[in-house]
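Undergrad: take this sequence and fold it.
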Amino acid sequence: MKKIKVLFVCMGNICRSPTAQGVFERLVQEQGLAERILIDSAGTHAYHVGSPPDSRSQAAARGRGVDLSEQRARQVHQDDFRLFDYILAMDRSNLQDLLMQSQAAERERVHLFMKFAARWDMDEVPDPYYGGNSGFDQVLDMVEDAAAGLLEHIRRNHL
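TA: Below is the predicted model:
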């Protein structure tokens with residue numbers, strides 16, 4: 001049985017994409033699907049490679065029962081475009097970076113993550129890095145919604 005592979009991507013891989021990874025991992029685990037879905041995150045830039053998620057992201061996630069402490073930032077690699085079934089950008093800028101890095105045949109795997117959201121009428125997850133703590137809570141709200149929609153999509157189409 002083929003594993004479905006999901007990669008969440010933001011710019012530095014220390015706020016939005018590790019949050020999405022952690023939330024989706026918890027959801028997949030709760031649904032008993034951890035053996036069927038591989039989950040990772042990366043950044044389009046190498047600013048924070050090897051660093052843990054931002055402490056504010058970790059605190060906000062921990063407040064909702066999601067542990068991000070074991071994650072370390074990495075940059076998107078060329079192999080990711082062949083390995084992952086879903087490469088999910090947090091915003092249009094990162095989407096464009098991913099599309100420019102990928103080959104034509106790989107681009108059908110690259111999407112905006114918020115396309116899977118049901119309750120949010122936004123197609124980008126805003127970067128909370130330069131804002132206050134409330135931005136990290138909003139990211140979690142958005143990510144939880146889109147993660148549920150993504151899992152439902154994967155169930156319908158792959159499992």
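Undergrad: so which elements touch the helix or strand encompassing residue 9?
TA: Secondary structure assignment for residue 9, by DSSP states H and E: strand 4-10. Applying 3 or more Cβ pairs under 8 Å, 6 or more residues apart in numbering; DSSP states H and E, we find strand 4-10 packed against helix 16-30, strand 37-43, helix 80-83, strand 86-89, helix 92-101, helix 133-158. From N, CA and C alone the C-beta is placed, and that goes for glycine too.
Undergrad: unless I'm mixing things up, residue 138 is touching residue 132, no?
TA: No - taking contacts as Cβ atoms under 8 Å, residue 138 lies outside contact range of residue 132: 10.3 Å.
Undergrad: looking at those two, which one has more neighbours?
TA: Applying other Cβ atoms under 10 Å to residue 138 and residue 132 shows that residue 138 carries more neighbours, namely 17 against 9.
Undergrad: distance of that one from residue 70?
TA: 24 Å (Cβ to Cβ, to the nearest Å).
Undergrad: which strand residues bridge the closest residue to residue 13 other than its chain neighbours?
TA: Leaving aside its sequence neighbours, residue 13 sits nearest to residue 43 (Cβ to Cβ, 6 or more residues apart in numbering; 3.3 Å). Legend: beta-bridge partners of residue 43 under DSSP bridges are residue 10, residue 75.
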